[in-house]
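Engineer: just coords:
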């Protein structure tokens, strides 16, 4: 075990090309998924917070439930949609990084939408009368509220990123874990562990942990500083 | 100081405002009871009454933030079209809500919402900031300002909008005497520009200093409406007399 740990550190310090490729692809897929999901989910979450409509309670409940959507199920859904016989089979996206992004977007979207709905709704409670008094329409209030909730929403987006970069099931099913093409950190860890190649698995695990810790640490520090400064 | 627009009041005014048979019920409780009220174009009206009398509620109904359960609220002036009704009134709340941006940006935001062109937004915001002595804190984040500063900023924001009528819901109740003074001066500034003032307060001294007339509410009913001196010297209702003496009313 000691030996595996040492080898892992060496792989990291020497910037082993295979390891580097896997890390880069992981980041590319998860970051793209987070950006796409946030662009859709933040305004949608805010809209659900601001508008009363029939069935709103059901929508909110479904969103909350989908936060716990098992990655393998999301993967299966995307797999069936993108497979040769599926409705979008002609696009030939299965076992590509794009398919992995799609699967992760499906996983992250409910998280970002549900949590931002909650945050924006709270802020709307505080701002509502003032904004209505100024003549702000609900549509106009969406960007205003999202901007004013930005510190809390950063945490939400990070939660999405954490989920995306940590899951195995979805990317394994729709990506296929093809070496040099769709192999990401989590699928590589699973595979290398199975093969008994513990150093590489451990190396990847350390990087994954460090990455998530760093991103969250930076966001926390920046968020706290901004919160203190802007009130 | 002359304002950029000095429109022909008769054709652009929203006022008078007419409330007819306005009631407001919430969860089986009647909070306002068949209220008739007409607010003319000029003057400073103070809404007075004990807590829970319906002062804030009445003001929110006038301002259009709440709809009455029954009865009608009508702006009967010649200039009262849908868009103008929203744009030509402003409200200052007991606790102002500021956006997470600079003081100046808060004023500009309000102007942007009303569709004021960018260049004019800038000059009007600067003028309002200056008018209320906020230059030194114009670029500070609005939400870390003191309560008094935030309230002055709320007044500056309202000023920039050039409202014809300004509603103020107990604007000084959370402030220290100096800040309260600044708000009262601001009320006079608005008044001097011809802005119709409707304000609630339970500070008797403030009412004597500021008001032309008093509307006195108790338990959601309009008990009395009188010029300020008459109200304080010869209150017609038992409740008003008790309120002025400082007794509990109910």
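Structural biologist: Alright, I've got the coordinates. Note that the structure is predicted; figures quoted are calculated from it, not measured.

Engineer: could you use CA atoms for every contact and neighbour count after this?
Structural biologist: OK.

Engineer: where does residue B:174 land in three-state SS?
Structural biologist: coil (DSSP: H, G, I helix; E, B strand; the rest coil).

Engineer: surely it meets residue B:96?
Structural biologist: No - counting by C-alpha atoms under 8 Å, residue B:174 stays clear of residue B:96, with 10.6 Å between them.

Engineer: ok, these two, which is more surrounded?
Structural biologist: residue B:96 (20 against 14; other C-alpha atoms under 10 Å in any protein chain shown).

Engineer: quick one: the more buried one is in a helix?
Structural biologist: No - counting by three-state DSSP, residue B:96 falls outside a helix, being coil.

Engineer: ok, it - contacts?
Structural biologist: A:130, B:150, B:151, B:154 (C-alpha atoms under 8 Å, 6 or more residues apart in numbering or on different chains).

Engineer: and the helix or strand containing the second one, what does it pack onto?
Structural biologist: If I follow you right, that is residue B:150. Secondary structure assigned from DSSP states H and E places residue B:150 in helix B:147-160. Counting contacts by 3 or more C-alpha pairs under 8 Å, 6 or more residues apart in numbering or on different chains; DSSP states H and E, helix B:147-160 is packed against strand B:89-92, helix B:103-113, helix B:118-131, helix B:177-192.

Engineer: name the nearest residue to residue B:148, sequence neighbours excluded.
Structural biologist: What sits nearest to residue B:148 in space, not counting adjacent residues and going by C-alpha to C-alpha, 6 or more residues apart in numbering or on different chains, is residue B:179, at 5.0 Å.

Engineer: er, residue B:188 I mean
Structural biologist: residue B:210 (7.8 Å).

Engineer: check residue A:46 too.
Structural biologist: residue A:117 (5.2 Å).

Engineer: quick revisit: mean neighbour count, the helices and strands packed on helix B:147-160: which tops it?
Structural biologist: strand B:89-92 (a mean of 24; mean count of other C-alpha atoms under 10 Å in any protein chain shown).

Engineer: for the residue nearest in space to the middle of chain B, give me its contacts.
Structural biologist: The centre of chain B sits closest to residue B:167, judged by C-alpha atoms, centre = their mean, with a distance of 1.5 Å. Neighbouring residues of residue B:167 by C-alpha under 8 Å, 6+ apart: B:59, B:63, B:89, B:90, B:91, B:92, B:197, B:198, B:199.

Engineer: only the buried residues of the helix or strand encompassing it, if you could.
Structural biologist: Using DSSP H and E, residue B:167 sits in strand B:165-169. Residues of strand B:165-169 classed as buried by neighbour count (16 or more other C-alpha atoms under 10 Å in any protein chain shown): B:165, B:166, B:167, B:168, B:169.

Engineer: list of residues touching stretch A:149-169?
Structural biologist: For stretch A:149-169, using C-alpha under 8 Å, 6+ apart, the contacting residues are A:26-27, A:30-31, A:33-34, A:38, A:71-72, A:75, A:104, A:107-109, A:111-112, A:115-116, A:119-120, A:123, A:146, A:186-187, A:212, A:215-216, A:219, A:223, A:226-227.

Engineer: please disregard the earlier target; I meant stretch A:60-68.
Structural biologist: A:48, A:107, A:108, A:110, A:111, A:113, A:114.

Engineer: nearest to residue B:54 among these?
Structural biologist: The nearest member of the contacts of stretch A:60-68 to residue B:54, counting by C-alpha to C-alpha, is residue A:48 at 31.6 Å.

Engineer: next, count neighbours for the closest one.
Structural biologist: A count of nearby residues for residue A:48, using other C-alpha under 10 Å, gives 21.

Engineer: residues contacting residue 38?
Structural biologist: You didn't pick a chain, so chain A it is. With C-alpha under 8 Å, 6+ apart, residue A:38 has these contacts: A:109, A:112, A:113, A:157.

Engineer: wrong one, I was asking about chain B
Structural biologist: Listed by C-alpha under 8 Å, 6+ apart, the contact set of residue B:38 reads B:16, B:17, B:18, B:19.

Engineer: and residue B:14, by the same measure?
Structural biologist: With C-alpha under 8 Å, 6+ apart, residue B:14 has these contacts: B:75, B:76, B:77, B:78, B:79, B:80, B:84, B:85, B:88, B:164.

Engineer: check contacts around the third one.
Structural biologist: Spelled out, that is residue B:77. B:10, B:11, B:12, B:13, B:14, B:15, B:16, B:17.

Engineer: apart from its neighbours in sequence, what residue is nearest residue A:175?
Structural biologist: residue A:95 (4.1 Å).

Engineer: I'd say that neighbour and residue A:183 touch.
Structural biologist: No - using C-alpha under 8 Å, residue A:95 is not in contact with residue A:183, being 10.1 Å away.

Engineer: which neighbours do these two share?
Structural biologist: A:175, A:176.

Engineer: between these two, who's got more neighbours?
Structural biologist: Each of residue A:95 and residue A:183 has its neighbours counted (other C-alpha under 10 Å); residue A:183 has more, 24 against 21.

Engineer: tell me the secondary structure for the more buried one?
Structural biologist: Per three-state DSSP, residue A:183 ends up coil.

Engineer: from chain B, how far off is the residue nearest to it when sequence neighbours are not counted?
Structural biologist: Closest residue in space to residue A:183, ignoring its immediate chain neighbours: residue A:177 at 4.4 Å, by C-alpha to C-alpha, 6+ apart. Here residue A:177 is placed at a distance of 45 Å from chain B (C-alpha to the nearest C-alpha, to the nearest Å).

Engineer: what parts of chain B come near chain A?
Structural biologist: B:63, B:65, B:86-87, B:90-91, B:93, B:96-97, B:99-101, B:110, B:113-114, B:141-144 (C-alpha under 8 Å from any C-alpha of the partner chain).

Engineer: mean confidence for stretch B:178-193?
Structural biologist: Throughout stretch B:178-193, pLDDT has a mean value of 93.

Engineer: so the residue nearest to the centre of chain B bridges to which residues?
Structural biologist: With DSSP bridges as the criterion, residue B:167 is bridged to residue B:91, residue B:198.

Engineer: quick one: it from residue B:40, how far?
Structural biologist: 14 Å (C-alpha to C-alpha, to the nearest Å).

Engineer: ok, then the element right after the helix or strand of chain B with the lowest mean pLDDT?
Structural biologist: Lowest on mean pLDDT, DSSP states H and E among the helices and strands of chain B sits helix B:9-12, with a mean of 66. Note on helix B:9-12: by DSSP H and E, the next helix or strand toward the C-terminus is strand B:17-26.

Engineer: relative to that following strand, what are the paired strands and their orientations?
Structural biologist: Strand B:17-26 has these strand partners (DSSP bridges): strand B:29-39 (antiparallel), strand B:70-75 (antiparallel).
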